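In: Attaching a predicted model along with its sequence, questions to come.
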Amino acid sequence: MIDRPQYLKALRTYRDVPLVKILAGIRRCGKSTILEMLKADLLKSGIKKDHIIFMRYTSEELDEGMTDKDMYKDIKARMADGGRYYLLLDEVQEIDGWEKAVNSLLEDGNTDIYATGSNSRLMSSEISTYLSGRYVSIPVYTLSFAEYLDFRKESRLPAREMLNEYLRFGGFPIIALGNFDERSAYQIAEGIYDSVITNDIARRHSIMNYDLFNRVARFIVENVGKTFSANAIARFLKSEGRSLSVEAIYNYVEWLEKAFAIYRCQRYDLQGKSVLKTQEKFYLADASLKYCMMGFNPKSIAAMLENTVYFELKRRGYDVYIGKNGTKEIDFVAARRDERIYIQVCRNMPEESDREIANLLEIRDHYPKYVVTLDELAAGNINGVKIVHMADFLLSDGY
């Protein structure tokens with residue numbers, strides 16, 4: 001088992017704090033393994049094995065018809081004495097009303113509770129009712145580039161060569177741990193995508209026209225990193241002889257978000273200092289989800305470079321926005337407490353450099369500004385704008 005220390009660090013921070021720790025992310029991003037890491041860490045710190053209760057609630061292992069009351073009674077029955085118990089609950093959203101069981105265990109048991117989940121039922125409004133102010137959400141993403149190198153360290157290739165592999169294969173741990181060719185890797189990614197679309201969305205929301213929903217999902221995947229418009233999708237479907245309301249499209253998008261398949265990036269007006277409600281973009285939980293359906297196309301690499309930078313910023317705890325500065329666009333404005341950085345992403349320099357750098361130079365403040373590129377020869381500082389290779393950006397601790 002390869003550790004993912006940033007998640008273990010977060011869990012240690014909240015250990016024995018009277019909050020339910022919820023690890024949330026797309027299927028197969030490594031949540032269950034993080035719970036295994038936590039279990040090992042608890043044992044190492046002196047917690048007795050029989051005071052760690054690890055329960056899996058995946059559909060394959062779940063007793064049919066299990067209710068929240070069954071869940072509560074089952075866990076309570078495993079607590080043999082009045083000592084402190086550490087509850088590690090995997091994929092809890094498979095239990096209807098799991099929030100009630102967890103809330104009861106938190107209230108009347110000497111417990112420290114950790115839970116994982118992969119879809120909207122984990123983030124339902126019921127949490128506000130039963131766990132209001134009593135939980136903390138820890139987002140889990142697919143592997144960062146640094147983690148990918150740890151998973152693939154037997155290859156011994158230079159980091160910049162490994163970056164090409166990472167950009168093509170994505171960061172699902174199951175793919176990174178195997179020695180798969182491209183076809184096999186994308187078959188695995190396609191299986192994950194199908195599971196999310198079918199189990200976490202279509203069945204859960206009783207979608208009647210699966211083909212139409214799947215077409216909307218594919219449209220978003222095809223257009224990752226581009227400005228989103230439900231009306232544009234409706235017009236596109238109409239051109240194919242299909243009909244779907246704008247309201248239904250917004251519902252589909254919301255369900256994709258809540259299954260952690262896509263992430264919304266809002267636009268921030270740098271002059272008005274406000275978040276805008278229009279012209280949003282969406283990024284995919286992992287690049288392999290696009291390539292498994294569309295195949296790898298070098299022409300799409302620019303959008304997926306943005307995708308990679310977006311999630312690296314999210315992993316580092318930034319709130320990430322698209323920047324609007326008058327008529328100019330900044331790829332990313334990233335804010336974290338009193339910090340802020342501006343980033344433009346481009347594949348090559350210097351062909352794209354004039355526009356990228358000019359847009360950054362028009363921002364009149366003292367915060368750091370970067371152009372992140374794949375250009376092997378590009379590096380340095382142009383009028384205060386730092387030019388950084390993608391591999392260096394992803395591996396640096398200094399941003």
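Out: Everything's here; your move. Residues are numbered from 1 along each chain as shown.
In: Quick check: the residue positioned nearest the centre of the chain vs residue 24, distance?
Out: In the chain, the residue lying closest to the centroid (Cα atoms, centre = their mean) is residue 141, at 3.9 Å. In this view, residue 141 and residue 24 are 10 Å apart by Cβ to Cβ, to the nearest Å. In this view, the C-beta of every residue, glycine as well, is placed from N, C-alpha and C.
In: likewise residue 171?
Out: Taken as Cβ to Cβ, the span from residue 171 to residue 24 is 17 Å.
In: the more surrounded of those two?
Out: For residue 171 versus residue 24, the count of surrounding residues by other Cβ atoms under 10 Å is larger for residue 171: 24 against 20.
In: Can I take it that the more buried one is in a strand?
Out: No - read with DSSP: H, G, I helix; E, B strand; the rest coil, residue 171 is coil and lies in no strand.
In: Tell me who's in contact with it.
Out: Shown in contact with residue 171 (Cβ atoms under 8 Å, 6 or more residues apart in numbering): 141, 142, 143, 144, 145, 147, 148, 286, 287, 288.
In: Touching, the last one and residue 191? I think so.
Out: In this case it means residue 288. No - taking contacts as Cβ atoms under 8 Å, residue 288 lies outside contact range of residue 191: 10.9 Å.
In: between the two, which one's more packed in?
Out: Shown here are residue 288 and residue 191; by other Cβ under 10 Å, residue 288 has more neighbours (25 against 14).
In: domain parsing for this protein?
Out: 5-139, 145-395 (automatic domain parsing).
In: I'd like a version of these in a markdown table, one that adds mean pLDDT as further columns.
Out: Listed next are these as a markdown table, based on pLDDT from 0 to 100:
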| stretch | mean pLDDT |
| --- | --- |
| domain 5-139 | 90 |
| domain 145-395 | 92 |
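In: Residues in contact with the helix or strand where residue 193 lies: which ones?
Out: For residue 193, the enclosing helix or strand under DSSP states H and E is helix 182-195. With contact meaning Cβ under 8 Å, 6+ apart, helix 182-195 is reached by 26-28, 168-170, 172, 174-175, 178, 180, 261, 286, 288-289, 291-293, 295-296.
In: Narrow those to those in helices?
Out: 168, 169, 174, 175, 288, 289, 291, 292, 293 (DSSP state H).
In: if we take those residues, which one ends up nearest to residue 82?
Out: Nearest to residue 82, judged by Cβ to Cβ, of those is residue 174 at 40.2 Å.
In: From residue 260, how far off is the closest one?
Out: Counting by Cβ to Cβ, the gap from residue 174 to residue 260 is 16 Å.
In: Of these two, give the one with the bigger neighbour count.
Out: Counted by other Cβ under 10 Å, residue 174 and residue 260 do not tie: residue 260 has more neighbours, with 24 against 16.
In: and stretch 281-293, which residues are buried?
Out: 281, 282, 283, 284, 285, 286, 287, 288, 289, 290, 291, 292 (16 or more other Cβ atoms under 10 Å).
In: Repeat that for stretch 163-173.
Out: For stretch 163-173, burial by neighbour count (16+ other Cβ under 10 Å) applies to 163, 165, 166, 167, 168, 169, 170, 171, 172, 173.
In: other SSEs contacting the helix or strand harbouring the first one?
Out: Assigned by DSSP H and E, residue 163 belongs to helix 159-169. Identification of packing neighbours for helix 159-169 by 3 or more Cβ pairs under 8 Å, 6 or more residues apart in numbering; DSSP states H and E yields helix 145-151, helix 182-195, helix 301-315, helix 390-395.
In: Need the winner for burial among these.
Out: For the helices and strands packed on helix 159-169, the largest average neighbour count (mean count of other Cβ atoms under 10 Å) is found in helix 301-315, namely a mean of 22.
In: List of residues touching stretch 364-372?
Out: For stretch 364-372, using Cβ under 8 Å, 6+ apart, the contacting residues are 305, 309, 339-346, 349, 353, 356-357, 360-361, 363, 378, 384-390, 393, 399.
In: From the opening residue of that stretch to its closing one, how far?
Out: 20 Å (Cα to Cα, to the nearest Å).
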